[in-house]
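Student: Make a model of this:
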Amino acid sequence: MKFLFALVVFLLPALAEAADVSGVPKISEGDQIQIGNSRIRLGGIDAPSVDQLCLNNTGERWTCGVAARDELIKHADNKTWTCHTRQVVDRRGRTVARCEVDGEDIQKWMVRNGWALSYVRVSHDYDDDEKAARDAKAGMWQGAFIAPWDWRARNKKTAILGAAKPVDNAGTILLASASGSVAPSPDCTIKGNVNRSGECIYHQPTSRWYAKIKMQIAKGTRWFCSVDEAEAAGCRETKR
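Tutor: From the prediction side, this is the model:
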């Protein structure tokens, strides 16, 4: 019995790593889904958040984060996904997994079509697919954009990627999704600001202070697309 118990304990990590989650998902972002109660982050790739902006080949801004999500929905919504989970949970409590739809590696599809980047900080599995997307000027690569991980860091000195030569004020435009005066999409209407104590506070449209919060880059304001996103950024909800 002791031997069998020890064997089971030894095999538990392997069994956990091989666990599958299957079902028809709710697609919330280009790299985030939910199947049942399981919130899943697509591993090895990084897609733009739904409030991220890009520039097209004529220098006009467009909501590439919304497009990435919508293209994934168009390609694989209402289908059964099988996600091979790993023993990794990210800082937002999501399980990291590699997902398949009808035998197709969905992360590979996202990167190859220009709707996500190979997340080289954790994996090089999709580097070749990213090169193919860049060469084909697919998705985000048609114009100019900043990498999703750089956008989250709000680094105004970050490199601008893409096939098109960026316009002079490209950096300001590309960062405006986080802090511009107008919400980047109807999905991203939660306002975040910093109070006098240095706390990040978020305001939903029903907040009494919502209309009084002026969204200006100089004041450290930014838009959020969900309560989860606001809280993951370290913000708390206004008390009134």
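
Student: tell me the secondary structure for the residue nearest the centre of the chain?
Tutor: Taking Cα atoms, centre = their mean as the criterion, Ser49 is the residue nearest the geometric centre of the chain, at 3.8 Å. The three-state assignment at Ser49 reads coil, by DSSP: H, G, I helix; E, B strand; the rest coil.

Student: Paired strands for the top strand by length along the chain, with orientation please.
Tutor: Longest strand in the chain, counting residues (DSSP state E): strand 81-89. According to DSSP bridges, strand 81-89 forms sheet pairs with strand 20-23 (antiparallel), strand 95-101 (antiparallel).

Student: average pLDDT across that strand?
Tutor: Mean pLDDT, computed over strand 81-89, is 87.

Student: Of the strands paired with strand 81-89, flag the one that's most buried.
Tutor: Most buried of the strands paired with strand 81-89, by mean neighbour count (mean count of other Cβ atoms under 10 Å): strand 95-101, with a mean of 20. Glycine gets a C-beta too; all of them are placed from N, C-alpha and C.

Student: CA atoms only for that strand, dumped as PDB, please.
Tutor: C-alpha atoms of strand 95-101 as PDB (Å, rounded to 0.1, in the frame of the first residue of the first chain):
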ATOM      1  CA  THR A  95      -4.700  28.500 -16.000                       C
ATOM      2  CA  VAL A  96      -2.100  28.500 -18.800                       C
ATOM      3  CA  ALA A  97      -2.900  26.000 -21.600                       C
ATOM      4  CA  ARG A  98      -2.400  25.000 -25.200                       C
ATOM      5  CA  CYS A  99      -5.700  24.700 -27.000                       C
ATOM      6  CA  GLU A 100      -6.900  22.900 -30.000                       C
ATOM      7  CA  VAL A 101     -10.000  23.300 -32.100                       C
END
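
Student: got a list of contacts for whatever helix or strand comes next after that strand?
Tutor: Heading C-terminal from strand 95-101, the first helix or strand you meet, by DSSP states H and E, is strand 104-105. For strand 104-105, the surrounding residues in contact (Cβ atoms under 8 Å, 6 or more residues apart in numbering) are 98-99.

Student: what pLDDT, on average, does strand 104-105 get?
Tutor: Per-region confidence: strand 104-105 scores 96 on mean pLDDT.

Student: sorry, back to before: can you get me the centre-to-centre distance for the longest strand of the chain and its chain?
Tutor: Distance of strand 81-89 from the chain centroid (Cα atoms, centre = their mean, to the nearest Å) equals 17 Å.

Student: neighbouring contacts of that strand?
Tutor: 13, 16-25, 33, 35, 38, 40, 43, 95-101, 106.

Student: Export that strand to CSV, keeping only CA atoms.
Tutor: What follows is strand 81-89, C-alpha atoms only, in CSV (Å, rounded to 0.1, in the frame of the first residue of the first chain):
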residue,chain,number,x,y,z
TRP,A,81,-12.1,23.3,-27.7
THR,A,82,-9.7,21.0,-26.0
CYS,A,83,-7.2,22.8,-23.8
HIS,A,84,-4.1,20.9,-22.4
THR,A,85,-3.5,22.7,-19.1
ARG,A,86,-0.1,23.1,-17.5
GLN,A,87,0.9,23.4,-13.9
VAL,A,88,1.1,27.2,-14.3
VAL,A,89,-1.3,29.8,-13.0
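
Student: Next, the buried residues of it.
Tutor: 81-83, 85 (16 or more other Cβ atoms under 10 Å).

Student: and which of the residues you listed is nearest Asn113?
Tutor: Nearest to Asn113 out of these is Trp81 (Cβ to Cβ; 17.3 Å).

Student: how close does that closest one sit to Ile40?
Tutor: Distance of Trp81 to Ile40, given as Cβ to Cβ, to the nearest Å: 9 Å.
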